[in-house]
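Q: The sequence and its predicted three-dimensional model are supplied below.
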Amino acid sequence: DTNKSTKHLIIVLPVKSSLNVTVTSNTTKVLEGGVLQFVCNVHLPIGNHNRLSITWQMINKRGQASDIISREQDGTQVIDTSYHKRGASGDLRLVKQGPGSFVLQLHNAAVSDDGEYICTMAEWISSAARDWQRVGKQSARIGAVVTPLESGFSVTAITRTPSVTYGNAFELQCFIRPNYPSWVSVSWRWKFQSSQSGKIYDMVTFTRDTSIIWGDNVTNFKSKTMITKTPNNVRLTVSKASDLEAGRYQCIAELWHQNQMEQWVRKAEKSSNILEVKVKPPDARLEVSQLKRNLLVTENDNIRLSCVITNQTGSDSQFSVQWYVQRSQEEADRLILRSNRDCMFEYGNELLGHERKERLQAAKPSSGHYTLVIHKADVDDSGKYYCLVQEWLLSPNNNWYKVGINMSGMTYVTVQRPDNNLQTVKTERAISVPENGQIRLDCKISNRTNLDSQLSVVWFAQNSLDTDKYPIFSLNRNSVFQYGSSMDNRMRLRKRLQYEKPTNDLYSLILQKATISDTGSYYCYVEEWTVD
């Protein structure tokens, strides 16, 4: 007798997976050279001790997929061949930071890393035969943008001092945008085009390793330029500006970073706008007295001319002075004398010959006061006189330059001949002398027109029985004697007359061996001569 139990149907169900995969990142948009970091998390029920594997892939902008790195359920890590170098350099890392949490890091991100990243998680269990059996699989993805370094890169140059005067300072600034992180190295170069020569030179270069290299042809900048440098700005302050620093400036910046093989690569170069800096002399403040004068000078007196500087541009200015005369409206102004800033004299064509030059006496009796004396004035010296002053300053590069020019007011000079002031003593005297005695005839000058004039003197005699007068002795202005008025009495008088000049204003004639026939009237006649 057989008895069967109740029949039981047994169904063995596969292990169900409860994977829930997410990907997060706070670096989904990075600059080339930065770090991409993605966190892939899986949420497992409490008490689940199954093993996990993870695989990272990337799909680029062209839609091409490539494996990056994977971690097997037994902990084995596999890097795809295309990422071997980055894995070896440490730029590619996959780190397990906790149960069900894996971090993918891509250092030194390249533009080619721009794309979509996929994290695929799989759950595994070990079978009785110790084989691995996948019980579940899920993926999550996230996009990443890698911006090229040169994107938005710009260089701008500015100056707040586009025009300065000699000796002052000017500033040049160069900015780059945007602000770059520390892994980006920047080199800077300032170029200079001289206003004088038009040639373009490299002024100064700041290399990516912070070295400073000055150009060979701009040595004047090195000693007078102060440098201020920040990561995104270079400022040059040029002191004691001169015309050597006048010109056009331009800044060139280069971006550098290390590639995945640790080689420095120049990624971009940009030039700034051009700045023009003008260096000019100070505004001239030279002023010369505009006082007009009228001088009335007597012939043979001195003409005294004055040139007074009432204001000047610099305390250490030097001056050159030129003296001119205008004889008439029809004639051009003529140069009399020129003194340069070293007080060296040069005579103009107006006064020719050694004797005429001796008539000039130039002096500087006090600071800013110049005089010219013309000795022994004559009528031809009449005219309009003025001085022309040039002011000179020393530039910062030790060259003298003319900063200003100014003309004085006119001095109107009139030279007139002196009035006839010749006078003789007219006292009448009665003289009695014995026969064979001496008769002294004095001719005294009481006044004369000019002390430098020359005189001629003639003595006349008039016999008491004769109404005619006749000369007995004459002295011309050249001191040449002449006796009598005829050959006959000339010989007789030469033996009897003696001429003397005791003083400058007294002329005496002595008639020796007087006879009765010498009785009569005597007087002298004087003429005065001056230089025309």
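A: Structure received.

Q: Residue 35 reaches residue 107, doesn't it?
A: Yes - assessed by C-beta atoms under 8 Å, residue 35 is found in contact with residue 107 at 5.2 Å. Yep, even glycine has a C-beta here, placed from its N, CA and C like the rest.

Q: Pick out whichever of the two has more residues nearby.
A: Between residue 35 and residue 107, counting by other C-beta atoms under 10 Å, residue 107 is the more crowded of the two (17 against 14).

Q: wait, what's in contact with the closest residue in space to the more buried one that isn't next to it in sequence?
A: Among residues not flanking residue 107 along the chain, residue 91 sits closest, at 4.1 Å (C-beta to C-beta, 6 or more residues apart in numbering). Going by C-beta atoms under 8 Å, 6 or more residues apart in numbering, residue 91 touches 106-108, 260.

Q: Of those, which is the most crowded?
A: In terms of neighbours by other C-beta under 10 Å, the contacts of residue 91 top out with residue 106 at 26 neighbours.

Q: Now do the same contact list for the nearest residue to that residue once chain neighbours are set aside.
A: Residue nearest to residue 106 in three dimensions, not counting chain neighbours: residue 36, with 4.1 Å by C-beta to C-beta, 6+ apart. Neighbouring residues of residue 36 by C-beta under 8 Å, 6+ apart: 25, 27, 30, 104-106, 109, 113, 117, 144, 146.

Q: Check residue 99 too.
A: residue 44.

Q: how much space between it and residue 30?
A: Distance from residue 99 to residue 30, counting by C-beta to C-beta, to the nearest Å: 28 Å.

Q: And for residue 322?
A: Taken as C-beta to C-beta, the span from residue 322 to residue 30 is 75 Å.

Q: Now do the same contact list for residue 163.
A: 277-280.

Q: repeat for residue 228
A: Here residue 228 is in contact with 234-235, 237 (C-beta under 8 Å, 6+ apart).

Q: Wasn't residue 279 part of a strand?
A: Yes - assessed by DSSP: H, G, I helix; E, B strand; the rest coil, residue 279 belongs to a strand.

Q: Identify the residues contacting it.
A: Contacts of residue 279 by C-beta under 8 Å, 6+ apart are 163-166, 170, 241-243, 245-246.

Q: and with 6 Å instead?
A: 164, 241, 243, 245-246 (C-beta atoms under 6 Å, 6 or more residues apart in numbering).

Q: now swap in residue 406 and tell me
A: Contacts of residue 406 by C-beta under 6 Å, 6+ apart are 286, 288, 389.

Q: what about the helix or strand encompassing residue 141, distance to the chain center?
A: In this structure, residue 141 sits in strand 132-147 according to DSSP states H and E. Computed by C-alpha atoms, centre = their mean, to the nearest Å, the chain-centroid distance of strand 132-147 equals 69 Å.

Q: What of stretch 441-448?
A: 73 Å.

Q: Show residues contacting it.
A: Contacts of stretch 441-448 (C-beta under 6 Å, 6+ apart): 421-425, 457, 505-509, 522, 524, 528.

Q: top of those residues by neighbour count?
A: Highest neighbour count within the contacts of stretch 441-448: residue 507, with 23 neighbours (other C-beta under 10 Å).

Q: bridging residues for that residue?
A: residue 443 (DSSP bridges).

Q: Compute the number of surrounding residues for residue 74.
A: Residue 74 has 9 neighbours, counted by other C-beta under 10 Å.

Q: Residue 165 now?
A: Around residue 165 there are 12 residues (other C-beta under 10 Å).

Q: OK, contacts around it?
A: With the criterion set at C-beta under 6 Å, 6+ apart, residue 165 makes contact with residue 282.

Q: Make 29 the starting number, not 1.
A: Got it, the first residue is 29 from now on, which makes the last one we talked about residue 193.

Q: what's the spacing between it and residue 308?
A: For residue 193, the distance to residue 308 - C-beta to C-beta - is 6 Å.

Q: one step back: and the contacts of residue 64, which are buried?
A: Restricting the contacts of residue 64 to buried positions leaves 53, 58, 132, 134, 137, 141, 145, 172, 174, with burial counted as 16 or more other C-beta atoms under 10 Å.

Q: Grab the CA positions of stretch 179-187 and hand them over as PDB.
A: Extracted C-alpha coordinates of stretch 179-187, given in PDB (Å, rounded to 0.1, in the frame of the first residue of the first chain):
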ATOM      1  CA  SER A 179      39.000  81.700 -25.000                       C
ATOM      2  CA  GLY A 180      38.200  85.300 -24.000                       C
ATOM      3  CA  PHE A 181      41.900  86.100 -23.700                       C
ATOM      4  CA  SER A 182      42.500  89.800 -24.100                       C
ATOM      5  CA  VAL A 183      45.300  92.300 -23.500                       C
ATOM      6  CA  THR A 184      44.700  96.000 -22.700                       C
ATOM      7  CA  ALA A 185      47.300  98.700 -22.200                       C
ATOM      8  CA  ILE A 186      46.500 102.000 -20.500                       C
ATOM      9  CA  THR A 187      48.300 105.100 -19.300                       C
END
